[in-house]
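In: Show me how the following folds:
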Amino acid sequence: MFVASNRFRVIPSEAERFEQTWLTRETRLHEVDGFVAFHLLKGPQAEDHVLYASTTFWASKEAFEAWTRSDQFRRAHANAGAVGPSAPRPTMAGPSQFEAFEVLQTIAGKPRVAA
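Out: Here you go, the predicted structure:
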């Protein structure tokens, strides 16, 4: 398995707009072979930014790389600049940071419901 993630430092006053852009966008991930899951994560807030990460899980690194070369990728990212640091009204405090990981171990748990 392969994990690809982008970390975003979002200007606090733009956090709601950033979230709505992600939550209402048209994704093409489900159309691509090897796609496993997507998570949009919201992290802690610092004085100058709120941390977010978009994380995708893939069957393999090759499946992820095929996604980045696909028409679906180009269509899904066509308006990415609308919420980036170069947007007419910037949402981010700097560029996103890409991170990629090969999964070495997975331990699955059984979700528990608190009593």
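
In: Can you tell me the SS state at residue 111?
Out: Using DSSP: H, G, I helix; E, B strand; the rest coil, the three-state assignment for residue 111 comes out as coil.

In: per-residue pLDDT, it?
Out: At residue 111, the pLDDT value in this model is 82.

In: And residue 33, by the same measure?
Out: According to the per-residue confidence, residue 33 scores 95 in pLDDT.

In: Start from the N-terminal end of this structure and give the strands.
Out: Secondary structure of the chain (DSSP state E): strands located at 2-10, 35-45, 50-58, 97-102.

In: Who are the packing partners of the second one?
Out: Pointing back at strand 35-45 there. For strand 35-45, the elements it packs on are helix 15-24, strand 50-58, judged by 3 or more Cβ pairs under 8 Å, 6 or more residues apart in numbering; DSSP states H and E. C-betas here are computed from N, CA, C, even on glycine.

In: same question, the last one
Out: Using 3+ Cβ pairs under 8 Å, 6+ apart as the contact criterion, the elements in contact with strand 97-102 are strand 2-10, helix 61-68.

In: what's the shortest one packed up against?
Out: Under the contact criterion of 3+ Cβ pairs under 8 Å, 6+ apart, helix 61-68 touches strand 2-10, strand 50-58, strand 97-102.

In: so which of the ones you listed gets nearest residue 89?
Out: Of all the helices and strands packed on helix 61-68, it is strand 2-10 that lies closest to residue 89, at 12.4 Å by Cβ to Cβ.

In: angle of that closest one against strand 50-58?
Out: Using axes from the mean of the first three to the mean of the last three Cα atoms, to 10 degrees, one finds that strand 2-10 and strand 50-58 are set 160 degrees apart in direction.
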